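Colleague: would you be able to build a 3D model of this:
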Amino acid sequence: MGRRSYKTNPHLLTLIQHLKDAGRTNEACVWRDIALRLEGPASTWAEVNVSKLDMYANDNEVIVVPGTLLGAGEIKKKVTVAAFRASSQARQKISSAGGQSISIEELIAENPKGSKVRIMG
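Modeller: The predicted model follows:
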């Protein structure tokens, strides 16, 4: 039998539980979906570059990255991005394009129903 690994990051465990609770209380399936993606192995998490955001996102769209947001490429669109982890270069590029980079917890507080939230990755 293979070795079984468990999540040990307390911030991640708290976030997953918060996502599940928000999905249950607000009847928002999007938060449950993100929680299930973050519960999986970190090697399967999404790694999204800002160039991918520029290619597929629309202006003023809210995007969730259940994984890591990376700074490769350029972005010209004004988007709001929430990610578990984001590089400083990615945050800088998003803010210079007029968008904002926030945490997933902040997004849940702003939009508890999860309406018009797009998962990328």
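Colleague: which residues sit against the longest strand along the chain?
Modeller: Longest strand in the chain by number of residues, with DSSP state E as the criterion: strand 62-70. By CB atoms under 8 Å, 6 or more residues apart in numbering, the surrounding residues in contact with strand 62-70 are 30, 34, 37-38, 45-50, 53, 57, 79-87, 89-91, 101, 104, 107, 111, 116-121. Placement of C-beta: from N, CA and C, glycine included.
Colleague: same thing but at 7 Å, please
Modeller: Strand 62-70 is touched from outside by 34, 37-38, 45-49, 53, 57, 79-87, 90, 104, 107, 116-121, with contacts defined as CB atoms under 7 Å, 6 or more residues apart in numbering.
Colleague: and Ala72, what is it in contact with?
Modeller: Applying CB under 7 Å, 6+ apart as the definition, the contact partners of Ala72 turn out to be Asn49, Val50, Ser51.
Colleague: nearest to Ile75, of those?
Modeller: Of all these, the one sitting nearest Ile75 is Val50; the distance, using CB to CB, is 4.4 Å.
Colleague: how near is the closest one to Ala57?
Modeller: 10 Å (CB to CB, to the nearest Å).
Colleague: kindly report the same for Pro66.
Modeller: Following CB to CB, the distance that separates Pro66 from Ala57 is 15 Å.
Colleague: and if you look at Leu36?
Modeller: Distance check for Leu36 against Ala57: by CB to CB, it reads 23 Å.
Colleague: which one's more surrounded, those two?
Modeller: Comparing Leu36 with Ala57 by neighbour count (other CB atoms under 10 Å), the higher total belongs to Ala57, at 21 against 14.
Colleague: what's the closest non-adjacent residue to that one?
Modeller: Setting aside the residues directly before and after it, Ala57 is nearest to Val79 in space (CB to CB, 6 or more residues apart in numbering), at 5.0 Å.
Colleague: ok, which stretches of this protein are strands?
Modeller: Secondary structure of the chain (DSSP E): strands at 46-49, 62-70, 80-86, 100-102, 117-119.
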